[in-house]
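J.: Structural data only, the sequence is not supplied:
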């Protein structure tokens, strides 16, 4: 309890102290900002990170969240990706960013190793893209370290879009693979400007090309001509290198098992992502100017005013 004296200056000072005490008391713990880095216990209702091997997390975290409430809200949607079992290290990787390991006697932040990020991205990015969601910039692997102090995992899995550990029941693996397998082909075609824009925003690249031939392996290989190629979004594609080549290979994961209506000598708009050096298609639309609304939708994705979430 603050005791105030009778002088004007002291009274004003006292009033400010009383108000600040009252304000602090009214702010819920989840909404109190943590400015100076320190260790705090991982909250029991931070569902994403229950069961990880550490109990203390560094705040602010590696995503610049400075309240526990923000951490809980922002991390909530990622539990769905963990539930898909696209990689054994997904949970550890995400928690190392949302609730990073904190050691009381260690001042420097501990980041996940770049290899952990790349393994998870390689396994999960295609699954996310098939649902129309790009791998977000906040989870970018390029800036992460690869040294003795980064968080490594016991997993030795390679970057593989269907890599799973023996701990994951085969039935769950089958469900994930089945959902991914034909989604690209089943959703092909023009379904309105909003959907086309969504494909554009969810992809790393978007191009219009003429298909030369289609080859079936386990994955479907699309050999596209680089003549008169149109770039709507270049992303990881190097224009000069592509133009110098006679053709460009695009792949649909497990597409050979699906009914993919892709015909040679036909122009398509392909949306996709690049994993390692392979270009995977996540959506495609036949470029037929007679399709009502398509030309207008294409103008939208070519516009400098397009805003992606």
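T.: Looks like it arrived, so ask away. Note that the structure is predicted; figures quoted are calculated from it, not measured. Numbers count the residues shown, from 1 in each chain.
J.: Thought residue 73 was touching residue 46, still the case?
T.: No - taking contacts as C-beta atoms under 8 Å, residue 46 lies outside contact range of residue 73: 10.5 Å. Glycine gets a C-beta too; all of them are placed from N, C-alpha and C.
J.: Could you check which of these two is surrounded by more residues?
T.: With neighbours defined as other C-beta atoms under 10 Å, residue 46 and residue 73 compare such that residue 46 has more, 19 against 12.
J.: Surely residue 275 is in contact with residue 122?
T.: Yes - at 5.6 Å, residue 275 counts as touching residue 122 under the criterion of C-beta under 8 Å.
J.: The helix or strand containing residue 269 - which strands sit beside it in the sheet, and in what orientation?
T.: In this structure, residue 269 is located in strand 267-275 according to DSSP states H and E. Using DSSP bridges, the strands paired with strand 267-275 are strand 205-216 (antiparallel), strand 278-286 (antiparallel).
J.: Now stretch 218-231: buried residues?
T.: 219, 220, 222, 223, 224, 225, 226, 229 (16 or more other C-beta atoms under 10 Å).
J.: what about the fifth one, distance to residue 79?
T.: Using C-beta to C-beta, to the nearest Å, we find residue 224 at a distance of 38 Å from residue 79.
J.: Could you tell me the per-residue confidence at residue 144?
T.: Residue 144 is assigned 94 on the pLDDT scale.
J.: Equivalent analysis for residue 163, please.
T.: 36.
J.: and for stretch 262-274, what are the contacting residues?
T.: Under the criterion C-beta atoms under 8 Å, 6 or more residues apart in numbering, residues 125-126, 129, 134-135, 199-200, 202-214, 220, 222, 224, 232, 235-237, 250, 279-287, 298 lie in contact with stretch 262-274.
J.: Show me how to select, in ChimeraX, the buried members of those residues.
T.: Buried residues among those (16+ other C-beta under 10 Å), as a ChimeraX selection:
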select :125,126,129,134,135,199,200,202,203,204,205,206,207,208,209,210,211,212,214,220,222,224,232,235,237,250,279,280,281,282,283,284,285,286,287,298
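J.: As a check, name the ranges of all helices in the stretch 51-200 of the chain.
T.: Assigned helices in the stretch 51-200 of the chain, in chain order: 68-76, 79-83, 90-98, 114-130, 170-181, 183-186, 193-202 (criterion: DSSP state H, counting those that start in this stretch).
J.: Just give the number of residues close to residue 233.
T.: For residue 233, the neighbour count with other C-beta under 10 Å is 18.
J.: what's across from the closest residue to it other than its chain neighbours in the sheet?
T.: Nearest residue to residue 233, sequence neighbours excluded (C-beta to C-beta, 6 or more residues apart in numbering): residue 206, at 4.1 Å. Per DSSP bridges, the residues bridged to residue 206 are residue 233, residue 271.
J.: wait, residue 206 sits on residue 300?
T.: No - shown here, residue 206 and residue 300 do not form a contact pair, counting by C-beta under 8 Å, at 12.0 Å.
J.: Now do the residue nearest the centre of the chain against residue 248, distance only.
T.: Centroid-nearest residue in the chain, with C-alpha atoms, centre = their mean: residue 135, separated by 2.5 Å. For residue 135, the distance to residue 248 equals 22 Å [C-beta to C-beta].
J.: Residue 211 now?
T.: The gap separating residue 211 from residue 248 is 10 Å, by C-beta to C-beta.
J.: which residues are in contact with both of the two?
T.: Common neighbours of residue 211 and residue 248 (C-beta under 8 Å, 6+ apart) are 223, 224, 225.
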